[in-house]
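[1] give the three-dimensional model of this entry:
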Amino acid sequence: MDDYDVFLNHRGPDVKGGFIAHLRDALRLAGLNPFLDKTSLVKGNQALKSIDDALKVAKVHIAVVSRRYAESKYCLSELAAMMRSGKPVIPVLYNVEPAELRRVEKGSFAAAFKKHKSRETAERVEEWADALRKLADITAFVFRLSDYKGDEAELKREVVDAVTRLLPLHGALLQVQGHVFGLEEQVKICMDKVEAMSNATSLLGLVGMGGIGKSTLAKEIYNRCIHQRRYQAVSILKIDNYAPSTMDVGSSLLSKLQQQLLWDLMRVPHGSPQSYSHWFQKLSKEGQVLIVLDGIQDKFLFENLILNTSSLAPGSCIIVTSRDHQLLKLTTRECSFYLHEVTLLVCEESQKLFNWYAFGDEEAPKNFTPLASDVSKACGGLPLALKVVGSNLFGKISKEDQESIWAEAVEALKGDVDVRRALKWSYDCLSPAEKLMFVDIACVFCGWKKDEAMKIWQSCKDCSSCCGNGTPHTSLRNLIDKSFLTLHQLNSKGGIMEMHGLLRDMGQDIGMVDGSHLWKGGATRVLAKDKNHSSNNVRALNLAKSGEHKFAIEDLASMDNLHFLILDGCNVSGNLEGISKELRYLQWRKMPLTNMPSMLSLSNLISLNFSKSTKLADIWAQSGSSFEACPNLLTLNLSECTSLTTLPDSIGRLSRLQTLNLYFCTSLQKLPSSIGQLTALEHLGLLGCGSLEALPDTITALSALRVLIINKSSSISELPTTLGLMTGIRNLYIDLGNESQALAIAQLNALKVVLVSMCTDEAVDALDSSGTLRNLHQLQVFCFVECPSMTKLPETIGLLTALRNLFLRGCQEVRELPNSIGRLKLLTHLSLCLCMRLETLPDSLGALTSLQFLRIQRCPLFTKLPTSIGQLTSLRRLRMEDCGELRSVPHSLGQLNALEMLQIMDCGSLEGMGLLRAVQGLRIWGCTSATELPGSCLVVVDSNFFSPASIWDRKQYLPWSWSPCNVKEVLVVEANDCGFLRHVEENTGSGRSILQRVHNLSCCNVAPPYKKQRRGAQ
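    Presented below is the predicted three-dimensional model:
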């Protein structure tokens, strides 16, 4: 059955041929799927059943009440069902007054109701009359000739706007980091152009030099488009032609982007047997889509992502950013096109942005105003230059700084505007160690996890060519503070290092000019013995994507200072015996060789990556090559070596190895017993090794092992009986399909995190009957993910007295949680997602006195919360979403004195659930005389902890990704105040987003608009 957005309730003979037909077309043009009985009935089904189905799935109902509407018992029955559903209902009174709906016995509907009384039961007729009265109490669109001047088109537009405001956003808003100035006018111009092209597939090209703010502008436009709710699906792809992830051989980058696009727009899973073109041709059926391609520099890439714009539904939009005018002009095939040149900041906005990064305020101190003006002008209005130069001068505000450092900056930057010179001046201010690290990141480590790169830098402590950098952590922090790079995803091994393209280009140019970091043409010239390129100074060599060139390892012998070598996909002959002993990092993915080159002198090698090398992996494993040459190796990556069946015994000689990654080595059948000699191993990844039959008994000798990942390795039916000797394991990811596996994990009494997949009732029963969970007295996080056959949790889960986090996701058959959950006195987080049969929670929930976060999401059969929820004295945030069967909430909800945020989304009628009565006792509920709660989404916040405006923030960095409301208008109640909080657009010229509180409940006093300053990056 189709997933309808809108249900159109109407009497056909009155309005179907005119207004309803036009409204249906307008809704479709807005990217929505309306249900209109004549054209939408499911073939083969009875009409009534199909209408009932449509009523259930439609997110918004429209009731078009015409003069003879009440004559149709079908219209009245539909209306009664609509009012019972609790979903938003939009009344459209077509030549009918609201008063006529309230007095059905005396008004124009009297005759119709008199006839109904003679044919229907009194209860049914009264239900119909009551539905009309309730409809009259909702603010309606009343079509009168005097109001609309007979123009149905205006009424149609207003109804469509009302519908889109009530529907959820198709896509999350993008966060714009840093501080934004001067973009509002450009956003308005682009949005006007997109709107003007809305009847066809449109392409908006944003072109400009690096660092000018193309990506930031694209994000702002994307967010505005999302708020319009025109698009049924969205995808944003950030293309980075230089980051390590894009150095994949051949079409790997294109393949990754295609997979992401199909997943975003159609949820096509990775590995689909159908081709990309097969799926792309189906996109027109998905409705209007929004696609952002950020950083396109290659026509080939665009043409192989957007195969044919005619395959997209009319009204779809493609936003492309690029530095190349001509490239964008060449991509305008069969679609409306507008090319917008992103402009530099004007003087005033430039000064504000520079001041923000140099002084932390839009205004410079009076004694610095002339100097700040000179430096700002020298940056030429380029946001990136203003940010970097300003950051380098931040904190330098003494009189001595003013006379020396600021004076030097003015002198160095004076003359004609040269952005590269401004950035280069900031680079020249770095210490030698910071300069070297900056170029390393630009050429090698951009996109890396910080901790992994840090291991390599730390190994260079005594290396004379590395500027004697004994404090790499300090150097990296200085680069971050000076805006040369940023860290993202901070929970991932210290964060991911990212760098703006213009800074990365400058760093790579520096590396190429001084001959220290070479790739592509520069690298091949050195190997060709170009007399203008000395090989003695080469620190990093990247030969990935070198095409048909063939190289010999002997060509690298003269590179005495070589630290980083990337050979992805290269055809290189010879062995590695003569390569520099300074080599720290060797990456040779998709190795095409048929013989493994020997390694005899790589004594300083820290990281070795042979992933995706199917041919080499198989022969290498069989050859028994020794690892004696790599005594300091810390990381070995052999993931996706699909021909690998075993590892050589010599792997046991890697006495310092910390990480061994064998993910998705699908042919791997066994591990050598020598693996037990890896006494420093901390992380062993065997995810997706479906042919691995067992773990060797010697694995229990891995005393340093902290993380063991063996889930999705279905052939491992039993674990070593001596697993309990591995006292160091803290994180375990495992399939729990039988009794043997269940009993084995109970031996690991130092576990802190357990993620279980494919768990069965057999394993659950084994855990209960043995009582072994009591041994896991340090377990803090327990996750059950994708356990489709499990119907229950262990009753003995209450023995996990240290448990703080319990997560269930995709446990489709679980109907209830055990009562013993109430014994988890330290539990702070409980998350239940996609538990399709979960109906309620046990009364013992109230005993969880430490519980702070409770989330119940997409549990369609969940009907009620226990009364004991009022006993959760520590509960700070309660979120419920997509629980369509939720019919009531207990009054004890008002006893949650610690609550800071309450979110109820898409769970039916707030009023019908008795939510108003339930929350009136809340400490953060400040309005008790309101009589109704319109809508199906409520957010109650404590302003001491949250701004109501924060519901639009994409990233709040709250525990376990507490996501915000993706709605445009939502009832918000906050500290003695209530009303609607609405995102409005005002041309203030400030670049700020305005959130305005609209007070339309009788108990509220009108307050000034709530303004929220949003900071974003250029």
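[2] can you tell me the element the residue of the chain positioned farthest from its centre falls in?
    Computed with Cα atoms, centre = their mean, the residue of the chain farthest from its C-alpha average is residue 118, at 58.6 Å. Here residue 118 is covered by helix 110-119, with elements defined by DSSP states H and E.
[3] ok, the closest residue to residue 309 other than its chain neighbours to residue 820 distance?
    In this structure, residue 309 finds its nearest non-sequential neighbour in residue 335, 4.2 Å apart by Cβ to Cβ, 6 or more residues apart in numbering. For every residue, glycine as well, the C-beta is placed using N, CA and C. Residue 335 sits 60 Å away from residue 820, going by Cβ to Cβ, to the nearest Å.
[4] ok, which stretches of the stretch 301-450 of the chain are strands?
    317-322, 336-341 (DSSP state E, counting those that start in this stretch).
[5] contacting residues around the first one?
    The one in question is strand 317-322. Outside strand 317-322, the residues that touch it by Cβ atoms under 8 Å, 6 or more residues apart in numbering are 194, 197, 201-207, 214-215, 217-218, 221-222, 225, 231, 288-297, 302, 306, 309, 312, 328, 331, 335.
[6] of these, which belong to helices?
    Per DSSP state H, helices hold the following members of the contacts of strand 317-322: 194, 214-215, 217-218, 221-222, 225, 302, 328.
[7] pick the one among the residues you listed closest to residue 102.
    Set against residue 102, the nearest of the ones in helices among the contacts of strand 317-322 by Cβ to Cβ is residue 225 (40.8 Å).
[8] hang on, isn't that closest one packed against residue 219?
    No. Judged on Cβ atoms under 8 Å, residue 225 makes no contact with residue 219 at a distance of 10.7 Å.
[9] shared neighbours of these two, anything?
    Here residue 225 and residue 219 have no joint contacts, going by Cβ under 8 Å, 6+ apart.
[10] what sits against the closest residue to residue 371 other than its chain neighbours?
    Computed as Cβ to Cβ, 6+ apart, the closest residue to residue 371 that is not its neighbour in sequence is residue 406, at 4.8 Å. By Cβ under 8 Å, 6+ apart, residue 406 lies in contact with 368, 371, 375, 393, 396.
[11] try residue 260
    When contacts are counted by Cβ under 8 Å, 6+ apart, residue 260 touches 235, 237.
[12] do the same with residue 482
    388, 391-392, 426, 430.
[13] any of those residues buried? List them.
    In those, burial by neighbour count holds for 388, 391-392, 426, 430, counting by 16 or more other Cβ atoms under 10 Å.
[14] how about CSV for these, with pLDDT added?
    Below are the buried ones among the contacts of residue 482 laid out as CSV (pLDDT from 0 to 100):
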residue, pLDDT
388, 84
391, 86
392, 83
426, 82
430, 89
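[15] filter those down to just the ones in helices.
    Judged by DSSP H, the buried ones among the contacts of residue 482 include 388, 391-392, 426 as members of helices.
[16] which one of these sits closest to residue 874?
    Nearest member of these to residue 874, counting by Cβ to Cβ, is residue 391, at 40.9 Å.
[17] check contacts around the closest residue to that closest one other than its chain neighbours.
    Distances taken as Cβ to Cβ, 6+ apart place residue 483 nearest to residue 391, at 3.7 Å, with adjacent residues excluded. By Cβ under 8 Å, 6+ apart, residue 483 lies in contact with 357, 387-388, 390-392.
[18] could I get those as CSV with distance to residue 138?
    What follows is these, written out as CSV (distance: Cβ to Cβ, whole Å):
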residue, distance to residue 138
357, 50
387, 50
388, 54
390, 53
391, 53
392, 58
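[19] ok, so of those residues, who is nearest residue 174?
    Among the contacts of residue 483, and counting by Cβ to Cβ, the member closest to residue 174 is residue 387, at 18.7 Å.
[20] ok, the closest one touching residue 353?
    Yes. The criterion here is Cβ under 8 Å, and residue 387 meets it with residue 353 at 7.0 Å.
[21] give me the more crowded residue out of these two.
    residue 353 (27 against 24; other Cβ atoms under 10 Å).
[22] how near is that one to residue 375?
    Separation of residue 353 from residue 375 (Cβ to Cβ): 12 Å.
[23] and what of residue 193?
    Taken as Cβ to Cβ, the span from residue 193 to residue 375 is 35 Å.
[24] so between these two, which is more surrounded?
    The neighbour comparison of residue 193 against residue 375 (other Cβ under 10 Å) goes to residue 375, with 27 against 18.
[25] now do the contacts for the more buried one.
    Counting by Cβ under 8 Å, 6+ apart, residue 375 makes contact with 354, 358, 389, 393, 406, 409-410, 413.
[26] most neighbours, which of the residues you listed?
    Result: residue 354 is most packed of the contacts of residue 375 (other Cβ under 10 Å), 29 neighbours.
[27] thought residue 653 was touching residue 633?
    No. The pair residue 653 and residue 633 does not pass the contact test of Cβ under 8 Å, sitting 9.7 Å apart.
[28] which residues are in contact with each of these two?
    Shared contacts of residue 653 and residue 633, counting by Cβ under 8 Å, 6+ apart, come down to residue 627.
[29] compare those two (neighbour count), which wins?
    Legend: neighbour count by other Cβ under 10 Å for residue 653 and residue 633, higher for residue 633 (24 against 18).
[30] what about the residue nearest to residue 166 when sequence neighbours are not counted, how many neighbours?
    Nearest residue to residue 166, sequence neighbours excluded (Cβ to Cβ, 6+ apart): residue 88, at 4.6 Å. Residue 88: 23 surrounding residues under other Cβ under 10 Å.
[31] need phi/psi at residue 88.
    phi -60, psi 130 (degrees, to the nearest 10).
[32] how close does it sit to residue 865?
    From residue 88 to residue 865 the distance is 23 Å (Cβ to Cβ).
[33] with residue 364 instead?
    Here the criterion is Cβ to Cβ. By it, residue 364 lies 55 Å from residue 865.
[34] so which residues of the stretch 1-150 of the chain form strands?
    Here the stretch 1-150 of the chain has its strands, by DSSP E, counting those that start in this stretch, at 6-9, 34-35, 60-65, 89-94, 141-143.
[35] tell me which of those strands sits most buried.
    Greatest average neighbour count among the strands of the stretch 1-150 of the chain goes to strand 6-9 (a mean of 27), per mean count of other Cβ atoms under 10 Å.
[36] specify the local secondary structure of the closest residue to residue 598 other than its chain neighbours.
    Leaving aside its sequence neighbours, residue 598 sits nearest to residue 575 (Cβ to Cβ, 6+ apart; 4.5 Å). Look at residue 575: counting by DSSP: H, G, I helix; E, B strand; the rest coil, its state is coil.
[37] for residue 575, the count of nearby residues, please.
    Number of residues near residue 575 (other Cβ under 10 Å) recorded here: 16.
[38] against residue 771, how distant is it?
    Distance, residue 575 to residue 771, using Cβ to Cβ: 57 Å.
[39] can you pull out the strands in the stretch 551-700 of the chain?
    For the stretch 551-700 of the chain, strands defined by DSSP E, counting those that start in this stretch occupy the ranges 564-566, 571-573, 585-587, 607-609, 635-637, 659-661, 683-685.
[40] by mean pLDDT, show me the worst of these.
    The weakest mean pLDDT among these belongs to strand 571-573, with a mean of 80.
[41] in that strand, which residues are buried?
    Within strand 571-573, the residues that count as buried by 16+ other Cβ under 10 Å are residue 572.
[42] and it, what does it pack against?
    Counting contacts by 3 or more Cβ pairs under 8 Å, 6 or more residues apart in numbering; DSSP states H and E, strand 571-573 is packed against strand 550-552.
[43] and the average pLDDT for the strand it packs on is what?
    Rounded mean pLDDT across strand 550-552 is 78.
[44] so what secondary structure elements neighbour the helix or strand containing residue 480?
    Here residue 480, judged by DSSP H and E, is contained in helix 472-481. For helix 472-481, the packing partners by 3+ Cβ pairs under 8 Å, 6+ apart come out as helix 432-440, helix 450-458.
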